[in-house]
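A.B. asks: sharing a sequence plus its predicted fold:
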Amino acid sequence: MKKILFVALLSFLGCKTNHQAGTQATAKKTVADPVTYAATITSGELSDHLYTYASDEFEGRETGAPGQKKAIAYLKDAYVKMGIPAANGDGNYFQPVPLERTGVPEGSIAIDKRDYKIGEAAITYAAGKSGTTNFTDLVYAGYGIEDEKYSDYTDLNIKGKVVLIKAGEPKNADGTFKISGSSETSKWSNLRQAFGSKIEAAKDKGAAGILFYDGSNIPLLKGQYDMMKKRAASGGGSMRLADKKDDFFYLFINKSLANAFFDGIDTYEKSKEITKSFSITFNSSSQKVDSENVVAYIKGSETPDEYVVISAHLDHEGIKDGKIYNGADDDGSGTVSILEIAQAFKQAEKDGNGPKRSMVFLHVTGEEKGLLGSEYYSNNPIFPMSQTVADLNIDMIGRTDPKRKEGRADYIYLIGSDKLSTELHELSEAVNTKYTNLELDYTYNDENDPNRFYYRSDHYNFAKHNVPIIFYFNGTHDDYHQPSDTPDKIEYELMAKRAQLVFHTAWEVANRDKRIIADKAEASAE
């Protein structure tokens with residue numbers, strides 16, 4: 001089936017004017033050759049934009065800071081100059097995103113007439129509601145795993161309850177792991193993957209909070225906690241959406257505290273309910289932060305109420321210890337690429353070849369703070385998510401992954417193209433074969449990718465709404481999240497070719513007769 005669809009798409013892409021007489025009678029316009037417009041995306045113009053956008057003047061584009069305000073002004077001015085209107089009906093290019101900066105959570109856990117301090121026996125970076133909450137029972141859910149091969153939640157009701165789980169995963173009698181069936185661990189043992197997957201599993205089942213016993217990693221987690229606390233004291237700190245009411249909490253706990261909850265936790269694996277009185281006190285403060293997404297669009301000529309979104313995050317890390325984190329690759333490269341792609345679509349419109357569907361150029365804030373700008377847009381969309389055909393998200397396309405130095409450098413990592421839509425994936429492959437011939441590397445598309453990149457950029461908030469997505473990514477490098485991520489290190493010719501791939505893909509999605517279908521949406525919905 002895949003091969004047949006791929007051949008059909010190649011045939012479709014190769015046909016510029018293949019309209020039968022009956023189709024011509026409908027007066028639908030012939031789609032122009034996009035190559036001319038893709039050629040307007042040049043390394044020189046990308047460089048000109050990025051040397052300004054990722055300059056010291058923009059102070060690292062910290063969310064809500066003066067540098068971020070300079071960034072959104074730059075983007076607005078660029079769209080005004082190109083004659084591309086704001087997405088908002090009132091002509092305002094900015095979508096306000098209400099945020100609040102939160103202090104590092106402090107407090108304590110009281111159990112068996114003893115207080116355990118948060119920041120020592122327990123570590124968290126996201127507190128529940130401030131104040132003291134009393135509990136009389138909790139549910140022990142073993143390893144906290146919910147997998148098609150193994151589940152700790154079978155016949156277990158955790159809705160509204162605190163759940164106690166531990167690190168690791170179960171083994172068979174012969175010493176192999178139950179999930180992998182071999183001596184290899186699965187994602188449920190990897191700290192980054194286990195952290196997200198176990199918490200998501202419990203939260204999806206309605207848990208009020210998580211106590212995560214991970215004794216071996218407590219020193220590492222405490223070091224991160226102390227660093228965040230130091231930064232918060234100097235005006236930094238975590239951010240969240242101001243209108244997001246979520247009292248869910250998680251706490252990593254050490255061995256002493258874990259044993260206070262359940263003395264047999266190290267050896268007992270079966271799930272069980274535990275009667276235990278305890279209280280948790282959270283002390284946290286918050287400060288209002290004003291920030292904005294920037295949204296421009298070109299109205300479709302035939303199906304204007306269907307939308308193709310091209311997204312990138314406009315923010316970066318700001319200034320730390322007096323050093324400016326310019327974020328040229330992350331994500332200045334994606335941001336200025338959208339400007340060039342928008343210019344190409346605008347030129348097509350001027351020539352009478354505007355896209356059939358509407359194009360939305362979305363620059364989101366707060367990505368580095370937890371995908372906040374895209375989360376806000378997806379929950380408060382300017383254009384309906386149900387009418388959003390696809391999101392093509394660009395996050396770092398200006399460099400070469402050092403791991404690929406031995407191989408072909410003419411590549412791009414694609415993530416998520418096949419997660420929700422078979423059509424989008426096959427169209428993406430066909431477009432690349434016809435126009436750009438980059439190596440499409442799916443290394444990080446693996447479900448078991450320990451980096452969890454699929455969950456770590458703004459496309460994910462579209463995918464959660466069953467909007468088909470593609471995430472374009474060059475991989476990390478030594479300058480990732482460092483002050484040394486500067487415009488002089490960008491490979492502009494390669495960046496231009498990658499941006500042209502995004503343009504060609506968007507062009508085909510926008511101009512095909514029928515909208516992309518999310519045929520895998522139900523199975524992939526979070």
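C.D. replies: Arrived safely, thanks for sending.

A.B. asks: please count neighbours and contacts with C-alpha atoms only from this point.
C.D. replies: Noted.

A.B. asks: please enumerate the helices of the stretch 401-526 of the chain.
C.D. replies: Per DSSP state H, counting those that start in this stretch, the stretch 401-526 of the chain carries helices over the ranges 422-431, 459-463, 492-511, 521-524.

A.B. asks: and these: which comes nearest D246?
C.D. replies: Among the helices of the stretch 401-526 of the chain, helix 459-463 comes nearest to D246, with 17.1 Å by C-alpha to C-alpha.

A.B. asks: ok, residues contacting that closest one?
C.D. replies: 311, 371, 374-375, 378, 391-393, 420, 454, 468-471, 525 (C-alpha atoms under 8 Å, 6 or more residues apart in numbering).

A.B. asks: closest to L211 out of the helices of the stretch 401-526 of the chain?
C.D. replies: Comparing the helices of the stretch 401-526 of the chain by C-alpha to C-alpha, helix 459-463 comes nearest, at 26.2 Å.

A.B. asks: how is this protein divided into domains?
C.D. replies: 2-14+45-98+290-524, 104-284 (automatic domain parsing).

A.B. asks: pick the most buried one from the ones you listed.
C.D. replies: domain 2-14+45-98+290-524 (a mean of 20; mean count of other C-alpha atoms under 10 Å).

A.B. asks: need the phi and psi values for the spatially most central residue of the chain.
C.D. replies: Centre of the chain computed as the mean C-alpha position; nearest residue by C-alpha atoms, centre = their mean is S457, 2.0 Å away. Note on S457: backbone dihedrals following degrees, to the nearest 10 are phi -140, psi 180.

A.B. asks: can you pull the contacts of the closest residue to it other than its chain neighbours?
C.D. replies: What sits nearest to S457 in space, not counting adjacent residues and going by C-alpha to C-alpha, 6 or more residues apart in numbering, is L371, at 6.5 Å. By C-alpha under 8 Å, 6+ apart, the contact set of L371 is 365, 456-458, 461.

A.B. asks: how much space separates L371 from T124?
C.D. replies: Distance from L371 to T124, counting by C-alpha to C-alpha, to the nearest Å: 19 Å.

A.B. asks: same question for N190.
C.D. replies: From N190 to T124 the distance is 18 Å (C-alpha to C-alpha).

A.B. asks: surely S285 is in contact with G103?
C.D. replies: Yes. Between S285 and G103 there is a contact under C-alpha atoms under 8 Å: 5.3 Å.

A.B. asks: who's more crowded, these two?
C.D. replies: When S285 and G103 are compared for neighbours, G103 comes out ahead with 24 against 13, by other C-alpha atoms under 10 Å.

A.B. asks: that one against F282, yeah?
C.D. replies: No. If you go by C-alpha under 8 Å, G103 and F282 don't touch, sitting 11.2 Å apart.

A.B. asks: so which residues of the stretch 51-200 of the chain form helices?
C.D. replies: With DSSP H, counting those that start in this stretch as the criterion, the stretch 51-200 of the chain has helices spanning 66-82, 191-204.

A.B. asks: any chance of those in JSON lines, with mean pLDDT and distance to G131 too?
C.D. replies: Shown next, in JSON lines, are those (pLDDT from 0 to 100; distance: least, C-alpha to C-alpha, whole Å):
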{"stretch": "helix 66-82", "mean pLDDT": "98", "distance to G131": "34"}
{"stretch": "helix 191-204", "mean pLDDT": "90", "distance to G131": "21"}
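
A.B. asks: any chance of those helices in JSON lines with distance to Q500 as columns?
C.D. replies: Below are those laid out as JSON lines (distance: least, C-alpha to C-alpha, whole Å):
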{"stretch": "helix 66-82", "distance to Q500": "18"}
{"stretch": "helix 191-204", "distance to Q500": "33"}
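
A.B. asks: list just the one of those that sits closest to I412.
C.D. replies: Closest among the helices of the stretch 51-200 of the chain, using C-alpha to C-alpha: helix 191-204, at 23.5 Å.

A.B. asks: ok, then the element right after that closest one?
C.D. replies: Where DSSP states H and E defines the elements, the next helix or strand beyond helix 191-204 is strand 209-213.

A.B. asks: who are the packing partners of that next one?
C.D. replies: strand 162-166, helix 191-204, strand 249-253 (3 or more C-alpha pairs under 8 Å, 6 or more residues apart in numbering; DSSP states H and E).

A.B. asks: with distance to Y435 added, can I get those in TSV?
C.D. replies: Output for these, formatted as TSV (distance: least, C-alpha to C-alpha, whole Å):
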stretch	distance to Y435
strand 162-166	50
helix 191-204	36
strand 249-253	48
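
A.B. asks: tell me which of the ones you listed lies nearest to R408.
C.D. replies: helix 191-204 (29.2 Å).

A.B. asks: was I right about P105 contacting S284?
C.D. replies: Yes. Using C-alpha under 8 Å, P105 is in contact with S284, at 5.1 Å.
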